[in-house]
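Q: got a sequence here, can you model it:
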Amino acid sequence: MRYHSIQPLKSRLGRSIGNLLVASLFLAPHALGQQSYVGRWDAYGGFMHLMQPSINLAESGFNLQVGIRLTNWVTGGFDYTVGTGHNILEPAMLIPSLQKQLSKQLSELAAMGLVPPGYKLTVPVDARTQSFQIGPDFPFRHFSSRHLLCAT
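A: Predicted structure coming up:
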């Protein structure tokens, strides 16, 4: 029985994927990137996730954006975001002066026998973050031969 190598199949698949990627790069400028109709009102609502690794905080929530096209060159917009999360604060997250003050107080409490030696202080925190933004937007439109690659 004769076994065929799978290597020619891999190289043909790799060439096909490569050709598809190159073709998409050359055909992308010819794709229509702008809408033919722009409405007066625009609204969006969706999931929001905020992460702050330095304090080990992750918040999930909701984002709402509303816009009104005032003229053909200016749009007014409003953005509201709300998120909630849970965190545990530790002394290492504090500024150095507070860390020293806290370690001094904890060592005094340990000397008096009120806390066990080597006690690690942690404070659970429920966080809620809200942001409100309002202001103008100046959209770029009416570029029929050239399309800008930016969100407006």
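Q: now the helices for the chain?
A: 7-27, 96-112 (DSSP state H).
Q: just checking, what packs against the last one?
A: On a contact count with 3 or more Cβ pairs under 8 Å, 6 or more residues apart in numbering; DSSP states H and E, helix 96-112 meets no helix or strand. For every residue, glycine as well, the C-beta is placed using N, CA and C.
Q: what about it, distance to the chain center?
A: Chain-centre distance of helix 96-112: 38 Å, with Cα atoms, centre = their mean, to the nearest Å.
Q: deepest of the helices of the chain, which one?
A: helix 96-112 (a mean of 12; mean count of other Cβ atoms under 10 Å).
Q: now that helix: average pLDDT?
A: The average of the pLDDT scores along helix 96-112 is 90.
Q: need the contact partners of it.
A: Residues from elsewhere that reach helix 96-112 (Cβ atoms under 8 Å, 6 or more residues apart in numbering): Pro91, Ala92, Leu94, Val115, Pro116, Pro117, Gly118, Tyr119, Leu121.
Q: for the helices of the chain, give me TSV that also has distance to Pro53.
A: Listed next are those as TSV, based on distance: least, Cβ to Cβ, whole Å:
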stretch	distance to Pro53
helix 7-27	33
helix 96-112	20
